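> how does the following fold in three dimensions:
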Amino acid sequence: MRKPNGYGSIKKLSGNRRRPFVFCVSEDGRQKPVEYFTNQVDAEIYQADYNKIHYHRSLPGHKVTFAELYHRWLPAHIEHYNPSTSAINSYHNAYRHCQTLHYMPYSDIKYQHLQMIMDGMRKSGLSYSSCKKVRSLISLISKYAIKLEYTNKNYATLLNIGRNKPARPHKPFTRQKINRLWQHVDIPGVDTILILLYTGMRCGELLALEKQYVNLRQRYIRIVKSKTKSGLRIIPIHDRILPLIEKRMAMSGSTLISDPDGQPYNYSRYCTLWNNAMQVIHADNHTTHDCRHTVATLLDNAGANENAKRRILGHATGDVTDRVYTHKGLRQLRKAITLLK
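Okay, the predicted model is just below:
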């Protein structure tokens with residue numbers, strides 16, 4: 001659709017630029033750059049907002065597209081929920097799977113368009129988890145669209161993504177393997193695995209944990225970056241891993257888990273540490289998520305309070321009152337965490 005005179009223009013600059021798209025306006029007969037962008041969608045959103053703010057006008061007949069809605073929703077979601085880096089990357093990947101919808105007016109998107117994406121992903125051999133992430137993104141964007149009154153429907157709950165067939169079911173660490181970890185605690189990275197096994201943290205939560213959120217005096221960890229809202233929680237520090245955490249706190253770097261130069265680990269770099277430690281204890285078939293399954297299994301076997309177990313793992317409790325941490329609640333969590341031997 002042709003844009004009206006004086007609405008400004010978007011150009012793509014040549015060369016290998018980090019932000020190649022530029023929004024320009026006419027001033028004294030010359031094109032004046034206003035802002036630069038990494039992609040055209042962000043540039044068009046800025047162009048529309050610029051004209052609304054400066055000239056109080058919108059494009060006649062303009063319909064918000066799926067891409068525009070996504071690029072408006074994501075900054076608002078990040079500001080409100082502060083999701084982890086891995087969660088944000090998951091949103092970007094899920095968005096790319098919705099490529100056929102990007103430039104469709106959101107009000108024109110129906111159930112069959114969304115189900116075709118799910119069916120195409122399954123035919124391509126993508127996992128149940130990948131389909132689930134795309135469905136989750138569609139649900140989040142639909143809820144945002146409902147708030148803005150672009151639609152009154154959320155088709156996400158109707159989408160069929162098939163059955164979950166895990167390629168490698170998770171399995172807990174045995175007591176023998178946990179003992180081996182303690183025997184080799186001085187090997188680089190082994191202490192991080194023990195911290196995961198005695199806190200129930202997700203690997204991403206541990207790698208993002210800043211030292212300012214570790215309270216050694218009252219012996220608890222506060223998770224402020226997680227993949228879910230329920231993941232924002234407090235975890236008591238178990239007596240056995242307290243010396244490991246104290247040692248990590250004394251090292252350089254702003255995050256609890258840092259390399260010798262004080263730099264934080266991303267998941268890819270951390271996997272090298274993990275794999276080396278797994279070779280030492282002869283447990284090459286374990287993943288980082290097995291630590292959470294181990295904590296859940298051990299707490300179940302020890303008869304831990306169900307609400308306390310959910311709080312420690314960061315699972316939804318289903319009861320609003322159970323989501324509020326009190327001093328009594330922290331004592332209950334500490335009582336539960338001590339059941340891990």
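> rest of the way, CA atoms for contacts and neighbours
Fine.
> contact partners for the most centrally placed residue in the chain?
Centre of the chain computed as the mean C-alpha position; nearest residue by C-alpha atoms, centre = their mean is residue 87, 1.7 Å away. Residue 87 makes contacts with residue 227, as judged by C-alpha atoms under 8 Å, 6 or more residues apart in numbering.
> need the CA coordinates for the helix or strand containing it. CSV is fine.
Assigned by DSSP states H and E, residue 87 belongs to helix 85-97. C-alpha atoms of helix 85-97 as CSV (Å, rounded to 0.1, in the frame of the first residue of the first chain):
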residue,chain,number,x,y,z
THR,A,85,17.8,-14.9,27.8
SER,A,86,17.0,-18.5,26.8
ALA,A,87,13.3,-17.8,27.0
ILE,A,88,13.7,-14.7,24.7
ASN,A,89,15.7,-16.8,22.3
SER,A,90,12.9,-19.4,22.4
TYR,A,91,10.4,-16.7,21.4
HIS,A,92,12.6,-15.6,18.5
ASN,A,93,12.9,-19.2,17.2
ALA,A,94,9.1,-19.8,17.6
TYR,A,95,8.4,-16.6,15.7
ARG,A,96,10.6,-17.8,12.8
HIS,A,97,8.4,-20.9,12.5
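> quick one, domains of this structure?
9-55, 66-158, 175-337 (automatic domain parsing).
> these into TSV, with extra columns for mean pLDDT and distance to residue 165?
Converted to TSV, those look like this (pLDDT from 0 to 100; distance: least, C-alpha to C-alpha, whole Å):
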stretch	mean pLDDT	distance to residue 165
domain 9-55	86	36
domain 66-158	92	7
domain 175-337	89	17
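> in CSV, list these along with distance to residue 164.
What follows is the domains of the chain, written out as CSV (distance: least, C-alpha to C-alpha, whole Å):
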stretch, distance to residue 164
domain 9-55, 34
domain 66-158, 5
domain 175-337, 17
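> would you map the helices across the stretch 101-250 of the chain?
Taking DSSP state H, counting those that start in this stretch, the helices of the stretch 101-250 of the chain run over residues 111-123, 128-147, 175-183, 190-197, 203-208, 242-249.
> returning to what we had before: okay, buried residues for the helix holding residue 87 please.
Residues of helix 85-97 classed as buried by neighbour count (16 or more other C-alpha atoms under 10 Å): 85-88, 90-91, 94-95, 97.
> check stretch 293-309 too.
Neighbour counts over stretch 293-309 (16+ other C-alpha under 10 Å) mark 293-296, 298-299, 304, 307-309 as buried.
> how about those in TSV, adding secondary structure and distance to residue 5?
Formatted as TSV, the buried residues of stretch 293-309 follow (DSSP: H, G, I helix; E, B strand; the rest coil; distance: C-alpha to C-alpha, whole Å):
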residue	secondary structure	distance to residue 5
293	helix	61
294	helix	64
295	helix	63
296	helix	63
298	helix	68
299	helix	67
304	coil	68
307	helix	61
308	helix	62
309	helix	62
